[in-house]
Structure formats: C-alpha cells, structure tokens
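S.K.: Make a model of this:
(chains A and B)
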Protein chains: 2
Amino acid sequence: MAATTVETSKLQVLVPGGVGFIGSHCVIELIKAGYEPIVLDNLSNSSIECLKRVEQIAGCKITNYKLDCLDLEGLRDIFKKHSIYAIMNFAALKSVGESVQKPVLYYKNNVGCLFNLLTCMEEFNVKNFLFSSSATVYGAPQYLPLDEKHPCIGDSITNPYGKSKYICEHVLKDTAIAHPDWNIIILRYFNPVGAHESGLIGEDPVGRPNNLMPYVAQVAVGRLPFVNVTGTDYDTPDGTGYSVLEMIKALEKASGKTIAFKECPRRPGDLASVYADSALAAKELGWTAQRNLDDMCRDLWRWQSKNPNGFQ
Amino acid sequence: MAATTVETSKLQVLVPGGVGFIGSHCVIELIKAGYEPIVLDNLSNSSIECLKRVEQIAGCKITNYKLDCLDLEGLRDIFKKHSIYAIMNFAALKSVGESVQKPVLYYKNNVGCLFNLLTCMEEFNVKNFLFSSSATVYGAPQYLPLDEKHPCIGDSITNPYGKSKYICEHVLKDTAIAHPDWNIIILRYFNPVGAHESGLIGEDPVGRPNNLMPYVAQVAVGRLPFVNVTGTDYDTPDGTGYSVLEMIKALEKASGKTIAFKECPRRPGDLASVYADSALAAKELGWTAQRNLDDMCRDLWRWQSKNPNGFQ
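M.R.: Have a look, this model is predicted:
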C-alpha cells in the first residue's frame, strides 16, 4: 500500500517520442529523478524492444501508448487518463535529406504534432513544455561558437527539417507571450552521440544512417563497407570542435577496428564547422558536458557491438 | 443533356473559405470565368446567407460543404467526390489582436489547414494552389513601396496572424521545390476594401470590426458611435497611399453621412505607412487596380446601407 501511494504521487511527464534515441535515454533519467514518464510513440522510426530494454535498466514497468501525436483525439484521451505535469517532446521526423523530398510530410508531422500538444496543454491546464529543437535553426553561422544570441534567419535555413524546428520555435515564443505562467524550454541539439553505458539501448536508425556516428559504427561492426567523407578540403580543425576524421579515429580506438573511408567531394549546403558555446548553460543551469569523445565512442561501440543489428 | 455535359466538363476549383469576404467575391469571378467552384467553409466567421446571395448574383446553385479544413478525413471525402483541378484557399483566422491572445488557435488553424490541403493535393494529384497571404509578412518595411523582393524577417513580424502567413509561405516554397510540376501562387493582400457592386455581398465581420473600413462603415450606418483614429502625429500622407482621415472623408462623401471620429494615441506596433508596388503584377500579369477609393467607398456603402446588420 505504501509503495502504491508513493507511485501515484510521482509527477507524470508525457514523453512523445520516448522510444527514440534521445527520448529513451531521457525516460531513464526521468525515472532516476523521481518522475513517472508516460511514453508516447508512433514507432515509425523506433522499436518497442527499446522500451523493454529501458524497463530492464530502470527496473520498473513504463506506461506507454502507441500513438501518433497528429491524432488529436487520441492525445486528448491520454490527457484525460493521466494528470500530466510536463511534456518533454522528442517526437519528430529528423532526416534532413528526406525532408527536402517530402516537405509536406515533415512540416505536417513536426509542426502539426506541436499544435496538438499545445492544444492539449491549453485544454488540460498543463504548463511545462520542453521542446527538442536543433542547431540547424541557425542556418549558416555568422560567428562561432554559436550561442543563444545568434540570429536565426528563416531564409538561410536550407532544408524543411531545420525550418520545421525554426517554425516550432516561433510558435513556442508566441505561446510563451500569451501564457506568461507557462514554462517553455527549447533545447537546440548539436549532433547527439553515444549510448547508455549499459550497452542495452542506443541509436538505431531505420535504413541507412543519416548521421555520422551511427554510420561509422555500422562500418566498424561490418554492416556497411566504408564511410563517405564528403569534403576533405574544408578549413578544419577549428580548435574546439572535432573533424570527421577525428571522429572516425576515435571510434577506431574505442572499437579496435579499422574503419574504411572514402574521400568524396563536398555536399552542397554542408557547413565547414558548427559548434556550440555552452557558457550560458554552465552559468545559468550549472550544466557542463560530462563525457568526452572517447567516452561517447566507448558507449557507442558497446551498444553497437552488443547489438550489431540494433533492436532487431 | 447538352447542358449537363457542359456542366461536368467545367474545371472544379476548391474554395476553402468561399463564404468569407474575399472568397465569396472570388466564387463569383470563378463562375464568370467558366470554372465550377466547390465551396468549403466552417462558417466560424461567415454566414450561409452570403452563399445564397452569391447564388443569386451568379444565377446558379453552388456546391458547398460545411467543413473545417482541420478535418483531414472530411477533406479527403471531398477530394474523393470531386475531381479538383485547383485550390484557391481563403480559409483563415484573421484578427491580428486575437492572434496575440490565442497563438495556438491561430497557428493550428492557419498552418494546420495548409498542411491538410497540401496532403490532399499529394494524395489526389492536384497541382494548382493559390494561397492568401498578407502584407503583414513583411514586418516593418525597410523601404516603400513594398515589392516582391522586400525581405520577410520572421523575428520582425509582431503578431502570430502575420507569422502564420509567413510560416505558410515557407512551407509553400519548400513544397514548390519538391514538386516542380506544381503551380503555387502566393498573394499578399494589402487591406482589401469594397463590396460586390450589386450590394448583395460584402464584408460582414463578427463582432467589432478589426479593419478600418468595415468599422467606418458601421459608424456611418449608425451601428457604432465613432471611429478611433489611433495616432494623429504620423509622418503622412506619403504621396501614394491614403491616410485614415482621407479614408473616412471618402466614405463620408460616398454615404452623405457625417462620420464621427475621436483622436487617440498611437497603438504600439502600428506602422506609419504600408503600401504596395504593383509594377511587377502589371508587367507579368497585366494586372492593374480597376477601382479607386471613391469606387470602393461607393460599393462598400451600397452594401452597408442595404445591409446595416450584414447578413443577419
């Protein structure tokens, strides 16, 4: 009885996209921090096996629903059923290249899901929202490192994925003005890398990976033949960031494997260097990165070598 | 039988918002030009009486559905039922002030409807789209008159209504890139004024008018006591545009009524002058304005005086 009372007194946090790469790691941290995550996922780019692993790591069952946030009625049912304290939204389509081919799909999903979540917040009096944005909202950097004051010019964002995040940020800023009692946080991710140190969960992209490190890891584990290094004539390294070749070398070190790569021409639209100034996060939130590149590669390799085919 | 054959050979144009001010006038022009309009409207800010008047003017029945474009399944049913050749979209929430109070509602409606219409275009192979945008996408003018090359900076647009239009333009531009065989037209309206010359249809805002001329006309007809002239210390007239006082004078002339007004302080966010350069439209489309301020006031007054309470 005592345990039940404790259970129901936990604050419930809705986690759309909670079965994905970042979302699943966040669910573990939420449980560790004493919250009760309520996971939503349409499983379009994730596997329910991931959630089972999260339950194994967390040592408890996790409330979860297979639901697309575009389904407003379905979403309302969740809000009726639970007393949601906050939303941490990780649900989105995230392939830059695919977004250029399918802009309607990307905008409808990434922006439309936000509309539905905000609508439910208004209807069910939920006041805390965390949004997963992206460094792509900056477009071409006017200076480096990128900080919170760097402008975001819509016209300079070259793909619908990035622009969908930019649009969501605009919507959220106006929503914050209209609802001064709400707490809205926008996080702009810069190439998240790594995996849970248990090796039980990690990034498992469907099809050919669109991001560098999952690609490199699949080469290391033998699923892909070589890495395309697109552009070897950029003015890098920059002193604080890592180059593509340094990333490959780091995973070679972590895995003990030789990772084949092929030099290719630059891709149109690619930027030489993009990296973040985390000084404000350190000052205001006391946040600093806890892991270095070797740590990230070690965790990534543990995940990839234990699960060469991801969750399948 | 011949008549039926002619009827079904007409190209069908879907007109969301076809019962509203601009939409209803467009429906008449579509019929005159030999198209068959298929009208959609959720009637949230319009009256079905308007459609009856349009039928009276056009001399024919008009296919119409009470439907909200946010209802994707309902929209799909329309596309299944009809062979849509083009969409001319006039459906939107349009109150600048209300949009600041209710940004989620405005974004969800104005942007969400576009997502659903574009989704149906992809699913049903419709390739022609006309979008009703707004001069508000320019934000504070960097020069006057405003032309097609003037930049639109998202951060300088001060209200969610304008920003919803700006977002739709971004979505449409990326959609045009992904679908090079589509024809997408964006019209940026600058304060549409007037009424059909029959006096049967015209602008009929629900509640207190948010735009100048419907407000002035309701003062002239006795529904409102006086016009608030918000700011009398602007650096106007500009030589080509009209000042608020000139507009009031013009309607006094057309109506033969004295229109009371009250001088008030400037409203924050108001711009001194906003007017368009229509040279490119003249050059590329052969379009020039056919009516001057006196014509517009005459038509507006005919409508307002014949229908002091609008369509009610």
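S.K.: Over to A:Asn64: give its phi and psi.
M.R.: Dihedral pair for A:Asn64: phi -150, psi 150, per degrees, to the nearest 10.
S.K.: Skipping adjacent residues, who's closest to it in space?
M.R.: The shortest distance from A:Asn64 to any non-neighbouring residue, by C-beta to C-beta, 6 or more residues apart in numbering or on different chains, is to A:Val39 (3.9 Å). Just so you know, the C-beta spots here come from the backbone N, C-alpha and C atoms, and that holds for glycine as well.
S.K.: Could you double-check that the one you found sits in contact with A:Gly18?
M.R.: Yes: with contacts counted by C-beta atoms under 8 Å, A:Val39 reaches A:Gly18, the gap being 3.5 Å.
S.K.: list residues touching both of the two?
M.R.: A:Val27, A:Leu51, A:Asn64 (C-beta atoms under 8 Å, 6 or more residues apart in numbering or on different chains).
S.K.: I'd like those residues as CSV, with pLDDT and neighbour count appended.
M.R.: Listed next are the shared contacts of A:Val39 and A:Gly18 as CSV, based on pLDDT from 0 to 100; neighbours: other C-beta atoms under 10 Å in any protein chain shown:
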residue, pLDDT, neighbour count
A:Val27, 98, 29
A:Leu51, 98, 23
A:Asn64, 98, 19
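S.K.: With respect to A:His196, which of those residues is nearest?
M.R.: Minimum distance to A:His196 across those is 10.6 Å, recorded for A:Val27 (C-beta to C-beta).
S.K.: helix or strand for the closest one, which one?
M.R.: According to DSSP states H and E, A:Val27 maps onto helix A:21-32.
S.K.: May I have that helix exported as PDB, CA atoms only?
M.R.: Only the C-alpha atoms of helix A:21-32 are listed here, as PDB (Å, rounded to 0.1, in the frame of the first residue of the first chain):
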ATOM      1  CA  PHE A  21      17.200   7.600 -29.300                       C
ATOM      2  CA  ILE A  22      17.200  10.700 -27.100                       C
ATOM      3  CA  GLY A  23      13.700  10.100 -25.700                       C
ATOM      4  CA  SER A  24      14.600   6.600 -24.400                       C
ATOM      5  CA  HIS A  25      17.700   7.900 -22.600                       C
ATOM      6  CA  CYS A  26      15.600  10.700 -21.100                       C
ATOM      7  CA  VAL A  27      13.000   8.300 -19.800                       C
ATOM      8  CA  ILE A  28      15.700   6.600 -17.800                       C
ATOM      9  CA  GLU A  29      16.800   9.900 -16.300                       C
ATOM     10  CA  LEU A  30      13.200  10.900 -15.500                       C
ATOM     11  CA  ILE A  31      12.700   7.700 -13.500                       C
ATOM     12  CA  LYS A  32      16.000   8.300 -11.700                       C
END
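S.K.: Can you name the secondary structure element that comes next after it?
M.R.: strand A:36-41.
S.K.: between that following strand and helix A:21-32, how big is the angle?
M.R.: 160 degrees (axes from the mean of the first three to the mean of the last three C-alpha atoms, to 10 degrees).
S.K.: Identify all contacting residues around strand A:36-41.
M.R.: With C-beta under 8 Å, 6+ apart, strand A:36-41 has contacts from A:7, A:10-20, A:23, A:26-27, A:30-31, A:51, A:62-67, A:69, A:75, A:78, A:82, A:84, A:91.
S.K.: ok, then the element right after it?
M.R.: Counting by DSSP H and E, the next helix or strand C-terminal to strand A:36-41 is helix A:48-58.
S.K.: Who are the packing partners of that following helix?
M.R.: helix A:21-32 (3 or more C-beta pairs under 8 Å, 6 or more residues apart in numbering or on different chains; DSSP states H and E).
S.K.: Now find how far off-centre the helix it packs on is within its chain.
M.R.: 11 Å (C-alpha atoms, centre = their mean, to the nearest Å).
S.K.: Mind listing what's buried along it?
M.R.: Residues of helix A:21-32 classed as buried by neighbour count (16 or more other C-beta atoms under 10 Å in any protein chain shown): A:Phe21, A:Ile22, A:Gly23, A:Ser24, A:His25, A:Cys26, A:Val27, A:Ile28, A:Leu30, A:Ile31.
S.K.: which of these lies closest to chain B?
M.R.: A:Gly23 (23.1 Å; C-beta to the nearest C-beta).
S.K.: and that closest one, what does it touch?
M.R.: By C-beta under 8 Å, 6+ apart, A:Gly23 lies in contact with A:Val15, A:Pro16, A:Gly17, A:Val39, A:Asp41, A:Met88, A:Phe90, A:Ala91.
S.K.: so what's it scoring on pLDDT?
M.R.: Note for A:Gly23: predicted pLDDT of 98.
S.K.: check contacts around the residue nearest to it when sequence neighbours are not counted.
M.R.: Excluding its sequence neighbours, the residue lying closest to A:Gly23 (C-beta to C-beta, 6+ apart) is A:Phe90, at 3.6 Å. A:Phe90 is in contact with A:Val15, A:Pro16, A:Gly17, A:Gly18, A:Gly20, A:Ile22, A:Gly23, A:Cys26, A:Ser132, counting by C-beta under 8 Å, 6+ apart.
S.K.: got JSON lines for those residues, with distance to B:Lys262 too?
M.R.: JSON lines is the format used below for the contacts of A:Phe90 (distance: C-beta to C-beta, whole Å):
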{"residue": "A:Val15", "distance to B:Lys262": "54"}
{"residue": "A:Pro16", "distance to B:Lys262": "50"}
{"residue": "A:Gly17", "distance to B:Lys262": "53"}
{"residue": "A:Gly18", "distance to B:Lys262": "56"}
{"residue": "A:Gly20", "distance to B:Lys262": "58"}
{"residue": "A:Ile22", "distance to B:Lys262": "56"}
{"residue": "A:Gly23", "distance to B:Lys262": "56"}
{"residue": "A:Cys26", "distance to B:Lys262": "56"}
{"residue": "A:Ser132", "distance to B:Lys262": "50"}
